[in-house]
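Asker: I would like the atomic coordinates for the input below:
(one chain, ligands or ions: 1)
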Amino acid sequence: MSEKRTILVIEDEHAISNFICRALSANDYKPLAAASGKEGLSLFFSHGPDLVLLDLGLPDLDGLEVLSQLRGLPQEVPVIIISARDRESEKVKALDMGADDYVVKPFGVSELLARIRSSLRRFDRLKVNQGIQRDVYQVKDLTVDIAKHQVIQGEDEIHFTQNEFKILELLAIHAGKVLTYDFILEHVWGPYGGSSNQILRVNMANIRRKLKENPSAPRYIYTELGIGYRMLED
Ligand code: CA
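Answerer: Model (predicted):
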């Protein structure tokens, strides 16, 4: 793939926008800068970027409004949220609304580039598979076989309860992406499950114990404090 990928940066703070655009150019992406939500949407329609970096605090439209307009379109493009540290609940809302990932200000170039690469990879993979779900996911020495309903770690098969397996399956399918507590609860227990984060935490603790995960130095599943969980990309 020699063609440069276009990345739309919707951010009203010039210093941050310039910093991001310079980093993107230096790393073989083609940046497009918009300083407002409306300008961002119009550049989105005229240029069809491969990925959108979206600040939530914009002068005209709410960043969440921009996100919901982008999500209402047939062409799916990964959106990475640029969030201020004090806007935790907005960030979670954006992830629930289908944003792919987030970075928190101030962030470094390497972190931003890693998130971009990971989102583009995930979307490329989705496009290739065209919605066909893979059956087997591998992270390090861990294999989650969805068709066989089996989890192998090294040489050993590890047994999970039905809900524990559902959580692992969900994290594996979306490996690399942070999944919010609500997203996981709804997919595992259903919209009317009446479940709380507590039951999810208990299940996650069991999963980690069975995988001999040390929560302070995880090998497979990372905790995104106050947001949810992320499984390492395979
Ligand atoms: Ca802003």
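
Asker: okay, residue 112 and residue 220: tell me how far apart.
Answerer: In this view, residue 112 and residue 220 are 24 Å apart by C-beta to C-beta, to the nearest Å. Any C-beta I mention is one placed from the backbone N, CA and C, and that applies to glycine too.

Asker: where's the residue in the chain that the ion sits nearest to, which helix or strand?
Answerer: Closest to the ion within the chain is residue 57: 3.7 Å, counting by C-beta to the ion. Assessed by DSSP states H and E, residue 57 sits outside every helix and strand.

Asker: and the one 10 residues further on, by the same measure?
Answerer: In this assignment (DSSP H and E), residue 67 forms part of helix 63-71.

Asker: how about residue 138?
Answerer: Short version, using DSSP H and E: residue 138 is in strand 136-139.

Asker: elements contacting the following helix or strand past that strand?
Answerer: Where DSSP H and E defines the elements, the next helix or strand beyond strand 136-139 is strand 142-145. When contacts are defined as 3 or more C-beta pairs under 8 Å, 6 or more residues apart in numbering; DSSP states H and E, strand 142-145 packs onto strand 136-139, strand 150-153, helix 162-173.

Asker: repeat the analysis, applying 6 Å as the threshold.
Answerer: With contacts defined as 3 or more C-beta pairs under 6 Å, 6 or more residues apart in numbering; DSSP states H and E, strand 142-145 has these neighbours: strand 150-153.

Asker: and the strand it packs on, what does it pack against?
Answerer: strand 142-145.

Asker: how about the residues of this structure by the ion?
Answerer: Within the chain, the residues that sit near the ion (C-beta under 5 Å from the ion) are 12, 55, 57.

Asker: most neighbours among those, which one?
Answerer: Using other C-beta atoms under 10 Å as the neighbour test, these are led by residue 55, with 24 neighbours.

Asker: give me the phi and psi angles of that one.
Answerer: Backbone torsions for residue 55, taken as degrees, to the nearest 10, come to phi -80, psi 140.

Asker: bridged to it, which residues?
Answerer: Applying DSSP bridges to residue 55 yields these beta-bridge partners: residue 82.

Asker: which positions within the strand holding residue 138 qualify as buried?
Answerer: 137, 139 (16 or more other C-beta atoms under 10 Å).

Asker: parallel or antiparallel, which strands does it pair with?
Answerer: strand 142-145 (antiparallel).

Asker: quick one: contacts of the partner strand?
Answerer: 136-137, 151-153, 168, 172, 220 (C-beta atoms under 6 Å, 6 or more residues apart in numbering).

Asker: could you verify that residue 49 is part of a strand?
Answerer: No - counting by DSSP: H, G, I helix; E, B strand; the rest coil, residue 49 is located in no strand; its state is coil.
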